[in-house]
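> Return atomic coordinates for the entry below.
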Amino acid sequence: MLHESGLPCTLWGEAVCHAIWLKNQTPTKALEGGTPLEAATGKKPDLCCLRPWGSRVWVHIDNGSKLDSWVAEG
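Predicted structure coming up:
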């Protein structure tokens, strides 16, 4: 996942956290097709906003004046 996205190896911890989060959102045989999230909370996971790992994002910047840019590409 990290190699395919082209991101630096220093982000390995974030990649592992994302992989674990994804695993908890997907069905498993042990729960008869249910997800770990469903078992814990009773709610189905919502994956409509899921983006590929390493996608470009826009980050909101709180500080600055009215004429400064309020977003930065990350």
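> This protein: strands as residue ranges?
Secondary structure of the chain (DSSP state E): strands at 58-60, 71-73.
> how far away is residue 46 from residue 60?
The spacing between residue 46 and residue 60, counted by CB to CB, to the nearest Å, is 22 Å. No exception for glycine: its C-beta is placed from N, CA and C like everyone else's.
> Need the pLDDT of the residue nearest to residue 70 when sequence neighbours are not counted.
Spatial nearest neighbour of residue 70, excluding adjacent residues (CB to CB, 6 or more residues apart in numbering): residue 61 at 5.6 Å. The model reports residue 61 with a pLDDT of 79.
> Confirm for me that residue 61 is in contact with residue 73.
No - with contacts counted by CB atoms under 8 Å, residue 61 stays clear of residue 73, the gap being 11.1 Å.
> Between the two, which has more neighbouring residues?
Residue environment comparison for residue 61 versus residue 73 gives the larger neighbour count to residue 61, 11 against 7, counting by other CB atoms under 10 Å.
> Centroid-nearest residue for this structure?
By CA atoms, centre = their mean, the mean C-alpha position of the chain lies nearest to residue 18, the distance being 5.5 Å.
> Might you report the residue contacts of that residue?
Taking CB atoms under 8 Å, 6 or more residues apart in numbering as the criterion, residue 18 is in contact with 1, 53.
> before we move on, back to that, now the residue nearest to residue 70: how far from residue 19?
Distance of residue 61 to residue 19, given as CB to CB: 29 Å.
> One more: residue 49?
Using CB to CB, one obtains 18 Å as the distance from residue 49 to residue 19.
> Neighbour count: these two, which is higher?
When residue 49 and residue 19 are compared on other CB under 10 Å, the one with more neighbours turns out to be residue 19, at 13 against 5.
> you'd agree that one is up against residue 1?
Yes - using CB under 8 Å, residue 19 and residue 1 qualify as a contacting pair, with a distance of 6.4 Å.
> beta partners of the residue lying closest to residue 71 once chain neighbours are set aside?
Setting aside the residues directly before and after it, residue 71 is nearest to residue 58 in space (CB to CB, 6+ apart), at 4.8 Å. Residue 58 has these beta-bridge partners by DSSP bridges: residue 73.
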